[in-house]
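# For reference, the sequence and a predicted model appear below.
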Amino acid sequence: MEFKFHMPTRVYFGRGCIGKNVEELAGLGSKALIVTGGQSAKISGALCDACSALERFNVGYTIFDRVENNPSTDTVKIGAGEAKQAGADFIIGIGGGSPLDAAKAIAVLSANDMEPEQLFTNSFPNKPLPIIAIPTTAGTGSEVTPYSVLTRSDLQTKKSFGNKDTFPVIAFLDPHYTQSQPVNVTINTALDAFSHNMEGYISTRSTPVSDILAAEGIRLFGCCLDSLKIGVFTLEDRENMLYASLLGGMVISQTGTNLIHPTAYNYTYFKDIPHGKANGYLMAEFLRFNYEAAKDKVENILKLTGFESIDAFAEAIAYLTGEAPRIDEAEIAQYVAIAMTQRGIHTNIRPVQSEDLAEFLRKI
Ligand code: NAP
Ligand code: FE
């Protein structure tokens, strides 16, 4: 047995976790830049809690609330300009994965004189500003990953960067902040968390520790399936989904994602499909593709989620995602070529060749 485990983020989970741990917001500096989307931080109540906590310690703040879904390199450049102008000492990301990932990029760019494209070298002369992450969706686990996923229009895809310095220093996970999510966002983000746990589980980089976390995240997705189908959620569901998302983030921090994410980025980039839903399209085929190479793990996923076969699993996931958009042979070739350039695809347990991936996409 030989493995590494690194997860340096201090995690606070539970109702009122910001208010109960306000002292964490003192000592990081006298000025914060709050990075968020148009409305999620406000309607979830997270922005109000964060601002009250900052005010208690006389920490000033500026709000940058222009992060779009699947944030672009242009947006983080603007955000970094605001951080520099405000003299921010630390960054607070509030929202779904989009604002949290933008917060990480802004934290690096505001401490370094570099263009956003250089982020992807993963080498930064100066350490990023400290990052606090407050998720309002239960999906990406970005609050405990070093990754920031940005849209690269020059490459027609999404690319991630991150190193040991881009882990948030603190994560506040209050399940109440996720209650204001619309049903479709709840479903899509739950699928994303499930995907992280499954991809990390069926990865050449999985470890004994990541497997324990992934199996529990997978089981919790199974517990929430009935609620996801009817679109009605108890607070316990919200807790379970946020916890599963946290576990998924811890898993991919060790393993990365593998076949599903790089392939699904195409559906987001070219068809404007939300991230988690795009992952969902590929899940059943992912299990079929890996069945022979990882039989025990695939069967355990089915057992943990309460399905007797991959077909039954496929039907349940398709109920949540709806049908995937049709893609023609030219699009398949394009999607394959782009996905094969991403590192993660080469960590799938069954090695993936271009022709395998083309055949995989024909079945979606
Ligand atoms: P998102 O793009 O952050 O947000 C989707 C939508 O949900 C936005 O319109 C957002 O509103 C809204 N929303 C979020 N929380 C809400 C709440 N509590 N109440 C009401 N509306 C809410 O969605 P996401 O799925 O969490 O993040 C996806 C991004 O994360 C993608 O770019 C993906 O590639 C990335 N990702 C990152 C990692 C990682 O490890 N870093 C892993 C997987 C995925 P606003 O516009 O107001 O924000
Ligand atoms: Fe994801």
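In hand now; what should we look at? Ligands and ions are numbered 1, 2, ... in the order given.

# surely I252 meets E199?
Yes - using C-beta atoms under 8 Å as the test, I252 is close enough to E199 to be in contact (7.2 Å). C-beta: built from backbone N, CA, C; applies to glycine.

# Could you identify the longest helix within this structure?
If you go by DSSP state H, the chain has its longest helix at helix 208-230.

# Nearest spatial neighbour of P146, chain-adjacent residues omitted?
Nearest non-adjacent residue to P146, counting by C-beta to C-beta, 6 or more residues apart in numbering: G162, 3.6 Å away.

# Check that neighbour and give its pLDDT.
Confidence at G162, expressed as pLDDT, is 97.

# That one contacts A105, correct?
No - contact criterion C-beta under 8 Å: G162 and A105 do not qualify, at 9.6 Å.

# Need the overlap of contacts for those two.
S148 (C-beta atoms under 8 Å, 6 or more residues apart in numbering).

# Neighbour count: these two, which is higher?
For G162 versus A105, the count of surrounding residues by other C-beta atoms under 10 Å is larger for A105: 29 against 22.

# Quick check: chain neighbours aside, which residue is closest to the more buried one?
Leaving aside its chain neighbours, A105 sits nearest to V76 (3.8 Å; criterion: C-beta to C-beta, 6+ apart).

# Ok, T263 next?
Spatial nearest neighbour of T263, excluding adjacent residues (C-beta to C-beta, 6+ apart): A339 at 4.7 Å.

# what's the burial count for the residue nearest to A105?
Neighbour count for V76, taken as other C-beta under 10 Å: 27.

# Distance check, it against ligand 1.
Going from V76 to ligand 1 by C-beta to the nearest ligand atom, to the nearest Å gives 12 Å.

# Repeat that for A264.
Note on A264: its distance to ligand 1, by C-beta to the nearest ligand atom, is 9 Å.

# isn't that residue right up against F286?
No - counting by C-beta under 8 Å, A264 sits too far from F286 to count as a contact (10.1 Å).

# For those two, work out which one has more neighbours and name it.
The neighbour comparison of A264 against F286 (other C-beta under 10 Å) goes to A264, with 27 against 24.

# quick one: the more buried one is in a helix?
Yes - the assignment for A264 by DSSP: H, G, I helix; E, B strand; the rest coil puts it in a helix.

# Can you tell me the closest non-neighbouring residue to G38?
Nearest to G38 is D65, by C-beta to C-beta, 6+ apart, at 6.2 Å.

# The one you found: how many residues sit nearby?
Look at D65: counted by other C-beta under 10 Å, it has 18 neighbours.

# what's the answer for the one 4 residues further on, then?
Burial of N69 is recorded as 17 neighbouring residues (other C-beta under 10 Å).

# Return the residues in contact with it.
Taking C-beta under 8 Å, 6+ apart as the criterion, N69 is in contact with G37, G96, S98, P274.

# hang on, the second one packs against T189?
Just to be clear, that refers to G96. Yes - between G96 and T189 a contact is recorded at 6.8 Å, counting by C-beta under 8 Å.

# so what sits against both of these two?
Jointly contacting G96 and T189 under the rule C-beta under 8 Å, 6+ apart are T137, G139, T140.

# Give me the distance between the first one and ligand 1.
With distances defined as C-beta to the nearest ligand atom, the gap from T137 to ligand 1 amounts to 4 Å.
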